[in-house]
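K.L.:
The following block contains a protein sequence and its predicted model.
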Amino acid sequence: MNHTNQYKIVVANVSHYSGILRLITSPEELYLVYPSGIWPFDTAQLNQLSKERSDFTVVLDQERVIGFANLYENLSGDKLFIGNVVISDAYRSQGIGKRLIRHMCDIIFNRYASEVHISVFNFNTPALLLYASLGFRPYDLEQRSLPDGKFSVLIHMRLYRRTWQDNNR
């Protein structure tokens, strides 16, 4: 059953941090969400992240944090990315991630830029399909070393405001 309308998306604050930390349940998931994070993910890392990124956003089911995302600029400062996207295991496949990504896109298009970027590992099929369904398209590939020493590909995707407007009429 889909109850996405009962959830609210709000600006995150320090009172949400423990809920954000509970969303990431394993070292593997931390790598997917925040590759430079160190397991176990903790408040100190989240505080540091809050200094490096903007627009910390959570999805709440009543007062329980069930989703999280934020924004960051690439090193050259010419691209704005949605980052650290995670939805609680118990709430996945209910449209909440799609709603959160749409919200983050709206923030970027309304306040910052005419294009949105997002990066996803090649083996994260649910996220790849979600982003593609919203109109994101791949534009670059980056080889990454996984914690186990194997290689993976980080796919950089982009969505233009005009595509967003055409898809959301």
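P.N.:
In hand now; what should we look at?

K.L.:
now the residue in the chain sticking out farthest from the centre: how far from V33?
P.N.:
Among residues of the chain, the one most distant from the C-alpha centroid is G149; the distance is 24.4 Å, by C-alpha atoms, centre = their mean. According to C-beta to C-beta, to the nearest Å, G149 stands 20 Å off from V33. Just so you know, the C-beta spots here come from the backbone N, C-alpha and C atoms, and that holds for glycine as well.

K.L.:
try V14
P.N.:
Separation of V14 from V33 (C-beta to C-beta): 19 Å.

K.L.:
swap in L46?
P.N.:
Distance of L46 to V33, computed by C-beta to C-beta: 12 Å.

K.L.:
Look at the two and report which has more neighbours.
P.N.:
L46 (22 against 18; other C-beta atoms under 10 Å).

K.L.:
Give me the next element, helix or strand, following the longest helix along the chain.
P.N.:
The residue-count maximum for a helix in the chain (DSSP state H) belongs to helix 96-107. The helix or strand immediately downstream of helix 96-107 is strand 115-121, counting by DSSP states H and E.

K.L.:
strand partners of that next one, parallel vs antiparallel please.
P.N.:
Using DSSP bridges, strand 115-121 pairs in its sheet with strand 80-87 (parallel), strand 151-160 (antiparallel).

K.L.:
could I get stretch 146-157 in CSV with only the CA atoms?
P.N.:
Extracted in CSV, the C-alpha atoms of stretch 146-157 (Å, rounded to 0.1, in the frame of the first residue of the first chain):
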residue,chain,number,x,y,z
LEU,A,146,35.4,-0.8,-3.9
PRO,A,147,36.3,-1.5,-0.3
ASP,A,148,37.0,-5.2,-1.2
GLY,A,149,39.6,-4.1,-3.9
LYS,A,150,37.3,-4.9,-6.9
PHE,A,151,36.5,-2.2,-9.4
SER,A,152,33.2,-0.5,-10.1
VAL,A,153,31.8,2.3,-12.2
LEU,A,154,30.3,5.5,-10.8
ILE,A,155,27.8,6.8,-13.4
HIS,A,156,27.4,10.5,-13.5
MET,A,157,23.9,11.5,-14.6
